[in-house]
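Student: Predicted coordinates and the sequence they were generated for:
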Amino acid sequence: MVMAMTVSILSGVTIYSTDFSNFPLGDDQLVGFESWDSDANGVALHGIDNNLIPGGGKSGFLGLNPPDEDYISVWRPLDYAPLDQNKAIVRFSAVVAIIDSTNSNWDNFFISFHNQNGDALASINFDNTNSYIFLDDTEHVTNTEFLFVQDTFYQIELVIDFIKNEWSGFLDDEIVFDKIRFHGGDKALDLGNLSVDWLITNLEEPGDNWMSFDDINITAESGPYSVLKVPFINVSVNSALKQIQLIWDSEPNHRYEVERSTDLLQWDSGAPDSVFITGDEPEQLIYSDSIGSQSSGEFYRLKVNLNE
């Protein structure tokens with residue numbers, strides 16, 4: 001069982017969204033669909049895979065096969081000006097995983113943002129050599145000191161405030177970084193494209209590691225934005241009542257909703273007594289679910305919003 005925290009969007013516009021379901025399967029089948037492009041085509045360095053998560057459908061990938069260059073990118077144009085549209089808060093979410101090398105060589109994988117002039121703004125780096133996540137604002141590289149686990153699928157969310165020039169990042173229920181400077185230079189703060197990048201540590205001995213990415217969703221909203229406190233959730237089993245219970249301490253004036261899933265892809269909401277709205281004082285909340293209603297390998301997540 002897994003607990004995850006997500007921050008829902010109260011209102012906004014969709015800049016881009018895809019689950020790759022309309023893409024053909026195979027090597028080099030990412031580029032040319034939904035405006036995706038690359039600087040390395042026809043050499044099986046990226047494409048569309050299927051059912052990496054059983055029942056999960058199609059997903060994009062970058063890496064695995066030996067490249068001729070030490071930096072390979074795939075990208076998708078966004079062409080959105082958040083400040084001009086009065087939608088300064090941009091949210092990026094996706095399901096990602098770094099599939100580990102089998103040849104004892106390891107590389108770096110990035111999610112990067114560029115402006116409409118093509119200038120690099122910022123990136124988040126999954127360094128597969130040491131398993132740390134780094135941030136690069138084009139002026140400084142910061143180690144978040146957050147360790148990721150290879151061969152593990154994460155729900156990543158990045159929240160960018162284009163007014164304050166700062167961003168925050170989450171993997172599943174954990175805050176990786178909070179309100180860190182987004183872009184360290186003086187380039188225009190708008191969105192030209194999103195890229196997924198592969199930096200090969202040693203071109204003569206590249207890793208056969210690769211990055212999987214799926215369920216990309218990019219939205220913009222007016223804000224303001226604040227990081228919501230992630231509650232510690234205690235899980236207990238009441239054998240007498242044949243119930244599993246999720247127990248957490250709430251924050252005032254918040255809305256909490258428990259959702260369930262059997263595959264971490266499709267989440268069910270609307271279960272009885274799964275929504276909690278708090279008042280002006282904190283309180284302990286308990287969600288109960290019948291053990292008999294569960295299938296093997298059921299997952300839970302907690303969605304948290306300010307109650308406005």
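Tutor: Thanks, I have the structure now.
Student: and the closest residue to E283 other than its chain neighbours, what is it in contact with?
Tutor: Spatial nearest neighbour of E283, chain neighbours left out: S250 (5.5 Å); criterion: CB to CB, 6 or more residues apart in numbering. Quick note: C-beta positions are derived from backbone N, CA and C, even for glycine. Contacts for S250 were tallied using CB atoms under 8 Å, 6 or more residues apart in numbering; they are P231, Y256, F276, T278, P282, E283, Q284, L285.
Student: Just the buried ones from those residues?
Tutor: For the contacts of S250, a burial check counting by 16 or more other CB atoms under 10 Å picks out P231, Y256, F276, T278, L285.
Student: So in terms of bridging, what pairs with the second one?
Tutor: The bridge-partner assignment for Y256, based on DSSP bridges, gives F276, V304.
Student: can you pull the contacts of it?
Tutor: Applying CB under 8 Å, 6+ apart, the residues contacting Y256 are W248, S250, V275, F276, I277, T278, L285, L302, K303, V304.
Student: ok, these vs D268, which is closest?
Tutor: If you rank the contacts of Y256 by distance to D268 using CB to CB, K303 comes first, at 12.2 Å.
Student: Of all residues in the protein, which one is nearest the centre?
Tutor: The structure's the chain has its C-alpha centroid closest to I156; by CA atoms, centre = their mean the separation is 1.7 Å.
Student: so that residue touches E174, yeah?
Tutor: No: contact criterion CB atoms under 8 Å: I156 and E174 do not qualify, at 10.8 Å.
Student: how about the strands in the stretch 101-250 of the chain?
Tutor: 108-114, 120-127, 132-136, 141-147, 154-161, 166-171, 174-181, 191-199, 210-221, 234-238, 243-249 (DSSP state E, counting those that start in this stretch).
Student: between the ones you listed, which one is nearest to P24?
Tutor: Among those, the nearest to P24 by CB to CB is strand 210-221 (15.5 Å).
Student: The closest one packs against which elements?
Tutor: strand 13-18, strand 58-63, strand 89-99, strand 108-114, strand 191-199 (3 or more CB pairs under 8 Å, 6 or more residues apart in numbering; DSSP states H and E).
Student: relative orientation of it and strand 191-199 in degrees?
Tutor: 160 degrees (axes from the mean of the first three to the mean of the last three CA atoms, to 10 degrees).
Student: per the record, what domains does the chain have?
Tutor: Following automatic domain parsing, one finds the domains of the chain at 5-221, 234-306.
Student: averaging pLDDT over each of those domains, which comes out lowest?
Tutor: When the domains of the chain are ranked by mean pLDDT, domain 234-306 comes last with a mean of 82.
Student: start to end distance for that one?
Tutor: The straight-line separation of the ends of domain 234-306 (CA to CA, to the nearest Å) is 22 Å.
Student: What of stretch 77-87?
Tutor: 18 Å.
Student: which parts of it are buried?
Tutor: Across stretch 77-87, burial judged by 16+ other CB under 10 Å covers P77, L78, Y80, A81, P82, K87.
Student: where's the residue located most distally from the centre of the chain relative to I291, distance?
Tutor: The C-alpha centroid of the chain is most remote from A240, which lies 38.7 Å away (CA atoms, centre = their mean). Remark: distance between A240 and I291 (CB to CB, to the nearest Å) = 11 Å.
Student: quick one, what contacts P77?
Tutor: By CB under 8 Å, 6+ apart, the neighbours of P77 are S35, D37, G192, N193.
Student: which stretch of helix or strand covers it?
Tutor: strand 71-80 (DSSP states H and E).
Student: Just give me the neighbour total for the closest residue to D119 other than its chain neighbours.
Tutor: Once flanking residues are discounted, D119 sits nearest to K187: 4.1 Å by CB to CB, 6+ apart. By other CB atoms under 10 Å, 15 other residues sit near K187.
Student: With that, I have no additional questions.
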